[in-house]
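> Below are the sequence and a predicted model for it; my questions follow.
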Amino acid sequence: MRMLMPDHGMAAEDVLTTLAALKQKDCDWKNGRAPAYAFNPVDEIYELGRSAFLEYFSENALGMHRAFPSVKQLETEVIDMALGLFNGPPGATGFMTTGGTESIIQAVQACRDLFRATRPSSGNRNNIVAPDSVHPAFEKAGRLMDIQVRRVSVGTDFRADPAAIRAAIDEDTIMVVGSAPCFPYGTIDPISEIAAIARERGVWMHVDACVGGYIAPFARMIGRPIPAFDFAIEGVCSLSADLHKFGLCPKPASTVFYRTADHARFHPFEFSGWPSGRFYTTTIVGTRPAGGVAAAWAVFRHLGIAGYKRIAEDLLAHVDAYRAGIAAIPGLKVLGDPHLSIVAFGSDEIDVFRVAEVMAEKGWLPGLLQRPKAIHRMLSRLHMPVMDEYLSDLRAAVQRVRESTPAASRLEAIY
Ligand SMILES: Cc1ncc(COP(=O)(O)O)c(C=O)c1O
């Protein structure tokens with residue numbers, strides 16, 4: 001039945017009590033039970049991000065060019081600090097957005113419009129060539145802008161296959177994509193090789209570092225073997241990186257960067273043909289929370305490189321231990337050789353979806369892959385304190401599935 005607005009309101013205190021009660025239905029993410037979606041434990045970084053967000057709770061980043069110059073300053077400083085992490089050459093530029101999807105859609109649009117402005121049209125539909133593992137945000141962009149997304153198979157190492165990408169490019173290809181890392185397998189694609197192909201064919205390359213952008217640079221600094229993925233590689237024209245994932249900033253916050261002003265030329269939207277005159281935005285959305293901008297600035301300034309390195313060190317040591325713990329359970333195997341904090345594992349012997357069902361009974365919301373069938377975890381600091389408990393439940397779940405009569409799992413992979 002549809003809920004009707006009450007004639008008379010509820011006391012604020014009761015409203016909040018009701019909200020707290022409703023939340024009881026949700027996954028217990030604070031205790032590491034969610035496979036993704038939330039990244040920060042309730043600690044000093046969380047509290048700082050929240051306070052900075054609340055400081056700018058009512059300001060609107062739409063108005064940063066006129067009413068709220070401090071928001072413009074904060075965004076510019078976030079972009080500048082980030083460009084330093086991504087080897088942005090002089091002239092590189094960027095913008096904050098409300099999420100990875102928006103960053104990707106904006107990059108595709110900037111790319112498409114530059115393509116159309118500078119190339120004669122063949123009359124055919126434009127296309128994007130990407131490994132099968134790229135995020136559906138590219139499909140969303142394709143649907144909005146009538147661009148075909150050509151997904152090509154990944155290699156047996158669960159990384160993009162440069163030869164397959166090369167073969168799929170034609171004269172209507174506006175963009176090739178590589179992920180750093182991809183969401184399903186956590187592997188960083190061979191960005192240098194793909195970028196070399198893109199340069200040779202005169203095609204724009206986008207790196208989707210939405211997941212890895214704010215952990216990979218620090219992982220490299222602490223000596224982890226992370227392949228090059230950013231503007232240090234000639235041929236990388238744009239890059240997306242999410243602050244609200246491993247940047248440890250409150251949602252909504254992402255960034256998108258361009259190698260040159262020319263690449264960024266068609267990113268902003270401007271329209272003057274309505275009664276109110278010049279309307280200018282650098283996001284798809286109009287009104288957007290200035291809180292996300294202020295909070296990202298606050299977290300960057302607070303953590304600095306030393307803080308992010310410390311967190312990367314700690315998190316990646318736990319990821320190593322998780323991986324070792326999974327590999328030590330007979331019948332399970334990690335897919336490929338993931339580079340950062342995403343781990344997916346499957347089995348040649350048992351149905352891992354049945355293992356996921358048993359884990360769900362114990363309160364662990366399963367993350368799943370359908371191709372190949374696997375359990376998926378985007379490990380964050382939330383998962384560190386519960387590692388032993390998770391691994392022990394996993395071992396018991398595998399044992400239970402092994403001992404039970406084979407039956408089809410009822411689970412379906414849903415993100
Ligand atoms: C690799 C990758 N790209 C893009 C996105 C989209 O980000 P958002 O959910 O912030 O729109 C995600 C989300 O998980 C992702 O994993």
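Perfect, thanks for sending it.
> burial of the residue nearest to Thr98 when sequence neighbours are not counted, as a residue count?
The shortest distance from Thr98 to any residue other than its chain neighbours is 3.8 Å, reached at Pro252 (Cβ to Cβ, 6 or more residues apart in numbering). For every residue, glycine as well, the C-beta is placed using N, CA and C. Applying other Cβ atoms under 10 Å, we find 20 residues neighbouring Pro252.
> Run a quick check on Pro252 versus Gly99, I expect a contact.
Yes: here Pro252 reaches Gly99: they are 5.3 Å apart, a contact under Cβ atoms under 8 Å.
> joint contacts of these two?
Contact criterion Cβ atoms under 8 Å, 6 or more residues apart in numbering; residues shared by Pro252 and Gly99: His244.
> returning to that earlier point: what kind of secondary structure is the residue nearest to Thr98 in?
coil (DSSP: H, G, I helix; E, B strand; the rest coil).
> Which secondary structure element is home to the residue nearest to Gly325 when sequence neighbours are not counted?
Among residues not flanking Gly325 along the chain, Leu391 sits closest, at 4.0 Å (Cβ to Cβ, 6+ apart). Following DSSP states H and E, one finds Leu391 within helix 387-403.
> Summarise which helices and strands that helix is packed against.
In terms of contacts (3 or more Cβ pairs under 8 Å, 6 or more residues apart in numbering; DSSP states H and E), helix 387-403 is packed against helix 290-327, helix 352-361.
> which one of those helices is the most hemmed in?
The highest mean neighbour count among the helices and strands packed on helix 387-403, using mean count of other Cβ atoms under 10 Å, belongs to helix 352-361: a mean of 21.
> Tell me which other helices or strands that helix touches.
Counting by 3+ Cβ pairs under 8 Å, 6+ apart, helix 352-361 packs on strand 373-378, helix 387-403.
> Quick check: next helix or strand after it?
strand 368-370.
> neighbouring strands for that following strand, and are they parallel or not?
strand 373-378 (antiparallel) (DSSP bridges).
> Distance-wise, check Ala241 relative to the ligand.
10 Å (Cβ to the nearest ligand atom, to the nearest Å).
> I'd say that residue and Pro217 touch.
No: in this structure, Ala241 is not within contact of Pro217 by Cβ under 8 Å, at 9.4 Å.
> what's the overlap in contacts for these two?
Phe86.
> ok, so what distance separates the residue nearest to Thr98 from the ligand?
In terms of Cβ to the nearest ligand atom, Pro252 sits 8 Å off from the ligand.
> And Phe345, by the same measure?
18 Å.
> Give me the three-state assignment for that residue.
Looking at Phe345 with three-state DSSP, the answer is strand.
> so how many other residues sit close to it?
Neighbour count for Phe345, taken as other Cβ under 10 Å: 22.
> Can you name the residues that contact it?
Counting by Cβ under 8 Å, 6+ apart, Phe345 has contacts Ile326, Leu332, Lys333, Val334, Leu335, Val352, Ala374, Ile375.
> Looking at neighbours, which among those residues is most surrounded?
Of the contacts of Phe345, with other Cβ under 10 Å as the count, Val352 tops at 28 neighbours.
> Report the distance from the helix holding Leu391 to the chain centre.
29 Å (Cα atoms, centre = their mean, to the nearest Å).
> quick one: Glu75 and Leu62 touch, right?
No: using Cβ under 8 Å, Glu75 is not in contact with Leu62, being 12.0 Å away.
> now the strands for the stretch 101-250 of the chain?
Here the stretch 101-250 of the chain has its strands, by DSSP state E, counting those that start in this stretch, at 127-131, 148-152, 173-179, 204-208, 236-242.
> by contact count, what packs against the fourth one?
Okay, so that is strand 204-208. Right, strand 204-208 is packed against helix 100-118, strand 173-179, helix 191-201, strand 236-242 by 3+ Cβ pairs under 8 Å, 6+ apart.
> re earlier: ok, and which of the contacts of Phe345 reach the ligand?
Near the ligand, taking Cβ under 6 Å from any ligand atom as the test, no member of the contacts of Phe345 is found.
> Tabulate those in a markdown table, adding columns for pLDDT.
A markdown table is the format used below for the contacts of Phe345 (pLDDT from 0 to 100):
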| residue | pLDDT |
| --- | --- |
| Ile326 | 97 |
| Leu332 | 98 |
| Lys333 | 97 |
| Val334 | 97 |
| Leu335 | 97 |
| Val352 | 96 |
| Ala374 | 97 |
| Ile375 | 97 |
